[in-house]
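Student: sequence unavailable; structure follows:
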């Protein structure tokens, strides 16, 4: 039976991931422009988007279907999400109506809802996303929530395969990077789990104070154990990068100061040298790759010479979003892959 | 010959409505994903939208065609609509060019233009919409204007059929509800006419001062007479709800204070108890349904327990927008239905 | 081999233009709703749009494919374009990533980027557009840049053919018109070159101070020489209009005061009589046509009686945008035309 809820890559077995990736590659090489004739994907963005917006629309067109996009800023209404509220203010519509209605127009629905970043437990529990998820009975795709980003992870796994980065024994560094603002945990959490599931030896490289939440580290640890990979963390850049075949850079919030803007800012101040430069690669594998989910701040997260140089595979990663999502959609709506 | 101008459900015979509804149900059960291959629907929104925006795009995709969306806020231009004006201000384009151009890219065009709510006669005459309507020679769909909403009515008729609400003798209550702002007359006017055309015994329930315009009541009366139905109005809730099989709630402006914001506000103040609760249903038919066109303000127009309970069919109504519109589009562009 | 970069109509031979126009007419009369099955057009708007936005989406749908739209205002990110910058401000993404990623989702990409109008040489060199152009390897369509508008020119050529305006010996007037703001040079430059390539006798009619840049006049002169046409310029309206078969009106910036808002304003002040009225046509050919690319300010650029009268072909021009672009897309993506 096809997936009904693409939410966390870790919900899938390695066999299922491999089947989706095989389908993605097949659709890339052998287009099926009639596979989803007349099928509709509803796209609901509670947060802004570029890659996701474009790649999902393109994916549906390539399979012969179509998509429509709803974002709250399209409407005077605004969308209320608090339960039990008397709606006598600005918002004219509640997600309890909006989400089921939007879903009812599609054969599947994709939802994006970023972290609120007020309370760590709420975001780890994906509270806002899960409220909407509970309102949907159609096949559902998580297009990034507070703590999940399975489409990015599936695309990144495909990119790693194409680059020939080995599964077992592959050396993967997930590195914190400087950024002027506190950013969500979805990408680092999803990336860590993906690398663990793929069986790689993963190092989380981050300055003190930017440890990932324990719950995420534990889940990744279990996934690594099951796949034959490993997880460790360090703040020692040289040690982390020794022998690395991939560095995946990303900024994220401090767990200790989660939702505390000033505390987080104080902690990240002075860490501007956490910008990936060629210097970082001294002890890495010669062809060590640079990965990032984009958008990326040049000169802040990564130096131009790395991003524009041969190590960078960020465009390939972004393009693989489309192929990965085509596989998920084909699987959900036309029964492709096992 | 197919409809060229879907504007007022009352322009159609009951046979035409039934044919469209049969086509809608057929397309719901037996998709025709190639019926409108290469056909284009132009969507012009002068007012914001969620259901209409989504359901028309989904409808075209399901039939194999596509749609594009233009809303004035997409452009720095703004759209001028006053005749004979010297355009030396902000607006860089006039509807006299914009509307025919947009229509020329489509095989059909849908236009939404809400009531201006300055002058009742202008809105009853659908002045703004009709100015644009006069500029279009392509098949045209009214996506809600100052006083019409035929797509909503066709969808609601379909919903009533699905619920088994009888045509002749069916007891239908159209009830005013509280809302913090003065809202347009399009939905109550269209709903009243639909219920009258369907041959039901219709009660308009509203507090004093919120009578519907005489012209609307008279048109509905004629439609009821022709169909064997009836229309009455009252401010007595218990009497209105006795034996009711459907209550359709909607807020609307005061006719007496039309365009007079303060006068309307003063009149609606204190009427917060016009929020539909389970108490209203004491003397209603046991399975009396709750209908609303959405968006709806929870705790203001209707209580959560009604909207979330088994009486509510608002999601079904919204989904039927898509199927009703598919029938209209199929009929206009592929010759479906009689 | 098909065109890979539709940028300047003058890059094409007359034979290539004629082949594209023949294809456009064929697709207009004999739709090919499966020609671009599953093909995707990426549309990147750095500047607002109505006709271009609508006509490209409609064109793809008519050929069986689809399009997606990205505009910077869709995103919190904003797009940075300065090279070598440290991105610690508002913008979260650089065009060096955004453009290749967006292009990677399409089989072709269209880009619109208006003139910055700070520096004439930069705009004549199409600096901003060419920066993005250098980042694209997919087939690329210029949807209007600082100095090019090849889609408008191809559509206008088609319109002239349909009107029976002769190529050699056809009398074409490109006239400056009043407008409250300084406007870009793209349309007048593209129109002048188009008319020259078409072999017409072209008069540029403009008040003193509003001469077109020398580089544009020279390029048009060479094109006219090659085609057997001619170019001259004058500020004498009566002389220019004598025998004219077409007047193409458009406002543009003063070259002398380019990027100098106050200087340009001072120069255009008092020129409100450069609004095309029926008086202008006294010595013109009886059926002299009025053309404009739209949007047009009524009562400012042209009088209502001309725009609403039989001389005006502005809607036909706008509709031909769609057919011209269908030809370009069919040619690029399905190998249509030579």
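Tutor: Nice, I can see it. Keep in mind it's a predicted model, so treat the numbers as computed, not measured.
Student: residue A:300 reaches residue C:91, doesn't it?
Tutor: No. Taking contacts as Cβ atoms under 8 Å, residue A:300 lies outside contact range of residue C:91: 10.9 Å. Where you see a C-beta, it was placed from the backbone N, CA and C, and this is true even at glycine.
Student: partner strands of the one helix or strand residue A:203 maps to and their direction?
Tutor: In this structure, residue A:203 sits in strand A:201-205 according to DSSP states H and E. Sheet pairing for strand A:201-205, assigned by DSSP bridges, gives strand A:171-176 (parallel), strand A:230-234 (parallel).
Student: can you list the residues of the stretch 51-200 of chain A near chain C?
Tutor: Along the stretch 51-200 of chain A, the residues adjacent to chain C under the rule Cβ under 8 Å from any Cβ of the partner chain are A:51, A:53-55, A:57-58, A:60-64, A:66, A:180.
Student: follow-up on the earlier one: out of the strands paired with strand A:201-205, which is the most enclosed?
Tutor: strand A:171-176 (a mean of 25; mean count of other Cβ atoms under 10 Å in any protein chain shown).
Student: just the mean pLDDT for the helix or strand following that one, thanks.
Tutor: Next along the chain after strand A:171-176, taking DSSP H and E as the criterion, comes helix A:186-197. Across helix A:186-197, the average pLDDT comes to 98.
Student: give the contact list for residue A:325.
Tutor: Residue A:325 sits next to A:55, A:56, A:59, A:141, A:151, A:155 when contact means Cβ atoms under 8 Å, 6 or more residues apart in numbering or on different chains.
Student: next one: residue A:205
Tutor: Going by Cβ under 8 Å, 6+ apart, residue A:205 touches A:173, A:174, A:175, A:176, A:233, A:234, A:235, A:236, A:237, A:240, A:241.
Student: what does the last one show for phi and psi?
Tutor: So that's residue A:241. phi -80, psi -10 (degrees, to the nearest 10).
Student: from residue A:300, how far off is the nearest residue to it once chain neighbours are set aside?
Tutor: The shortest distance from residue A:241 to any non-neighbouring residue, by Cβ to Cβ, 6 or more residues apart in numbering or on different chains, is to residue A:284 (4.9 Å). As judged by Cβ to Cβ, to the nearest Å, residue A:284 and residue A:300 stand 21 Å apart.
Student: again, but for residue A:331
Tutor: 37 Å.
Student: can you check residue A:16 too?
Tutor: The value you get for residue A:16 to residue A:300, if Cβ to Cβ is used, is 37 Å.
Student: need the contact list for whatever residue of the stretch 101-250 of chain A ends up closest to chain C.
Tutor: Closest to chain C within the stretch 101-250 of chain A is residue A:180: 5.3 Å, counting by Cβ to the nearest Cβ. Residue A:180 makes contact with A:297, A:300, C:88 under the criterion Cβ under 8 Å, 6+ apart.
Student: which of these count as buried?
Tutor: A:297, A:300 (16 or more other Cβ atoms under 10 Å in any protein chain shown).
Student: with respect to chain B, which of the contacts of residue A:180 is nearest?
Tutor: Ranked by distance to chain B (Cβ to the nearest Cβ), the contacts of residue A:180 are led by residue A:297 at 28.2 Å.
Student: is chain B contacted by stretch A:43-57?
Tutor: No. On the criterion Cβ under 8 Å from any Cβ, stretch A:43-57 is out of touch with chain B, staying 9.5 Å away.
Student: which other residues reach that stretch?
Tutor: With Cβ under 8 Å, 6+ apart as the test, stretch A:43-57 has contacts from A:41, A:67-72, A:79, A:99, A:102, A:109-114, A:128, A:132, A:143-144, A:151, A:294-295, A:318, A:321-322, A:325, C:42, C:66, C:68, C:70, C:74-77, C:93, C:98, C:101-102, C:105.
Student: tell me where the stretch 201-338 of chain A has strands.
Tutor: Using DSSP state E, counting those that start in this stretch, the strands of the stretch 201-338 of chain A run over A:201-205, A:230-234, A:246-250, A:289-291.
Student: is it possible to get a markdown table of the ones you listed that adds mean pLDDT?
Tutor: Output for the strands of the stretch 201-338 of chain A, formatted as a markdown table (pLDDT from 0 to 100):
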| stretch | mean pLDDT |
| --- | --- |
| strand A:201-205 | 98 |
| strand A:230-234 | 98 |
| strand A:246-250 | 98 |
| strand A:289-291 | 98 |
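Student: quick one on the thing from earlier: looking at the contacts of residue A:205, which one is closest to residue C:226?
Tutor: Proximity of those to residue C:226 (Cβ to Cβ) peaks at residue A:175, which lies at 58.7 Å.
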